[in-house]
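Trainee: coords please:
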Amino acid sequence: MEATFLFLLGFSVAAVGVIPPGLLNISAAKISVTVGYQRSVSFSIGVCLVVLVQTLVALLFSRYISEHPEVVSVLKLVAVVIFLLVGIYYGFIARPKSTELSTVDMSSKKSYLFQGMFLSAINFLPIPYQAYMALTFSSWDWFHFDAYENGLYIAGATMGTFSTLYVYIFFFDSLKHLRMLSPQNMNYIIGLVSGLIALITFYSSFTS
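Mentor: Model prediction:
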């Protein structure tokens with residue numbers, strides 16, 4: 001029962017963190033709409049591999065992060081710059097490729113795996129988020145930071161992230177016939193979402 005609870009705890013925290021439209025889930029949706037389901041799943045697996053590492057880092061350094069808010073401030077400012085650059089790229093520079101799905105080599109799934117890993121790696125915000133949540137659960141005596149509990153929590157967080165990304169993939173894939181979900185419009189959506197995240201992160205870095 002304790003194992004199930006810790007797994008679901010990590011699952012719920014990660015899933016809630018990925019539910020709001022963001023760079024990772026909208027990118028997964030775009031890949032599903034424009035390139036195909038299998039490559040969007042490869043992208044999501046890449047994201048989750050990095051989430052696993054990020055959650056481990058968050059648990060190991062949770063107390064240090066909580067006691068050094070300047071570290072979180074730096075991470076937020078770096079995230080602002082990254083999200084602004086991503087927003088500018090997708091909103092004003094990126095243009096969809098004209099390559100048809102049938103002409104794309106299936107081996108390119110590996111490139112989407114690494115793309116998912118890269119975009120997840122430049123998104124630092126899950127680290128302080130998971131660190132603060134773990135400390136909160138520890139203060140409630142729900143979590144004790146030993147290797148066994150860390151493993152269960154990390155497994156749950158990884159699956160929670162993948163499950164939410166999969167919901168986005170499934171939802172957008174079922175709507176891909178709509179003209180509003182054209183490749184270029186998906187680029188605009190990613191650009192807009194990235195810009196909004198940058199603004200929200202910038203605002204929170206001066207109000208927290």
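Trainee: where does pLDDT dip in this protein?
Mentor: The chain contains residues with pLDDT under 70 at 1, 94-108, 175-183, 207-208.
Trainee: next up, the contacts around the most centrally placed residue in it.
Mentor: Nearest to the geometric centre of the chain sits L24, at 4.4 Å (Cα atoms, centre = their mean). For L24, the contacting residues are 18, 47, 116, 119-120, 123, 165, by Cβ atoms under 8 Å, 6 or more residues apart in numbering. For glycine as for every other residue, the C-beta is placed from the backbone atoms N, C-alpha and C.
Trainee: separation between Q38 and F202?
Mentor: Here Q38 is placed at a distance of 36 Å from F202 (Cβ to Cβ, to the nearest Å).
Trainee: more crowded one of these two?
Mentor: Comparing Q38 with F202 by other Cβ atoms under 10 Å, the one with more neighbours is F202, at 17 against 13.
Trainee: packing partners for whichever helix or strand the more buried one is part of?
Mentor: Using DSSP states H and E, F202 falls within helix 183-207. When contacts are defined as 3 or more Cβ pairs under 8 Å, 6 or more residues apart in numbering; DSSP states H and E, helix 183-207 packs onto helix 23-34, helix 69-88.
Trainee: dump those to TSV, plus distance to A3.
Mentor: Listed next are the helices and strands packed on helix 183-207 as TSV, based on distance: least, Cβ to Cβ, whole Å:
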stretch	distance to A3
helix 23-34	28
helix 69-88	31
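Trainee: now the helix ranked longest in the chain: buried residues?
Mentor: The longest helix of the chain (DSSP state H) is helix 147-174. Neighbour counts using 16 or more other Cβ atoms under 10 Å place 149-162, 164-169, 172-173 of helix 147-174 among the buried residues.
Trainee: please apply the same query to stretch 68-82.
Mentor: For stretch 68-82, the neighbour count (16+ other Cβ under 10 Å) marks 71-72, 75-76, 79-80, 82 as buried.
Trainee: contacts for it?
Mentor: Here stretch 68-82 makes contact (Cβ under 8 Å, 6+ apart) with 64-65, 122-125, 127-128, 197-198, 201-202, 204-205, 208.
Trainee: alpha carbons only: can I get that stretch in PDB?
Mentor: Extracted C-alpha coordinates of stretch 68-82, given in PDB (Å, rounded to 0.1, in the frame of the first residue of the first chain):
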ATOM      1  CA  HIS A  68      19.100  29.000  -1.500                       C
ATOM      2  CA  PRO A  69      16.300  30.900  -3.300                       C
ATOM      3  CA  GLU A  70      18.900  32.700  -5.400                       C
ATOM      4  CA  VAL A  71      19.500  29.400  -7.200                       C
ATOM      5  CA  VAL A  72      15.800  29.200  -8.100                       C
ATOM      6  CA  SER A  73      15.900  32.800  -9.300                       C
ATOM      7  CA  VAL A  74      18.800  32.100 -11.600                       C
ATOM      8  CA  LEU A  75      17.100  29.000 -13.000                       C
ATOM      9  CA  LYS A  76      13.900  31.100 -13.600                       C
ATOM     10  CA  LEU A  77      15.900  33.900 -15.400                       C
ATOM     11  CA  VAL A  78      17.600  31.300 -17.600                       C
ATOM     12  CA  ALA A  79      14.300  29.700 -18.300                       C
ATOM     13  CA  VAL A  80      12.900  33.100 -19.300                       C
ATOM     14  CA  VAL A  81      15.600  33.600 -21.900                       C
ATOM     15  CA  ILE A  82      15.200  30.100 -23.300                       C
END
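Trainee: no more questions from me, cheers.
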